[in-house]
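K.L.:
Could you work out the structure for the sequence below:
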Amino acid sequence: MPPDLLPVSTLLNRLLQRSHWIRGYRVVLDEDVAECFRVPVGDLRRAVALHKNRFPPQAMIRLTPTECQGLNHQPSKFLPYGFTEEGILLVASILKTPQAVKVSIDVIRELFNFNSN
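P.N.:
Numbering: from 1, shown residues only. Next up is the predicted model:
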């Protein structure tokens, strides 16, 4: 593993520490997901918009202005997305950064290990 890529467990722990409960879902804001996958938040949002059909309702929500205020989050021009665990993995599958590719590969390896036991 290249030294600058995080192990998936470390990455997921970082995201868990940044998570919030919104509408009954534990979500991580798009800017935190973008930082962990080492992509500008605008690029992440564009990729999600291009592949919106891959994201079922339980994987991603768009925060409201009231929800942003409750988190003391000052959105820029756009309201942020909140991604569940499922959504974070789906984001990894559409991004092309080395960290996102590593997450996708590691999750697939774990699934094959799970099924072979």
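
K.L.:
which outside residues touch the helix ranked longest in the chain?
P.N.:
Ranked by residue count under DSSP state H, the longest helix found in the chain is helix 98-116. Contacts with helix 98-116, where a contact means Cβ atoms under 8 Å, 6 or more residues apart in numbering, come from 1-2, 5-6, 8, 11, 36-39, 89, 91-93, 95. All C-beta spots, glycine's among them, are computed from the backbone N, C-alpha and C.

K.L.:
if we go to 10 Å?
P.N.:
Residues outside helix 98-116 that contact it (Cβ atoms under 10 Å, 6 or more residues apart in numbering) are 1-2, 4-9, 11-12, 33, 36-39, 44, 47, 88-95, 97.

K.L.:
go on, stretch 54-68?
P.N.:
By Cβ under 10 Å, 6+ apart, stretch 54-68 touches 20, 22-25, 27, 29-30, 48, 52, 69-71, 73-75, 78-91, 93-94.

K.L.:
Counting only helices, which of the residues you listed make the cut?
P.N.:
Per DSSP H, the contacts of stretch 54-68 map to helices at 30, 48, 69-70, 85-91, 93-94.

K.L.:
Many thanks, have a good one.
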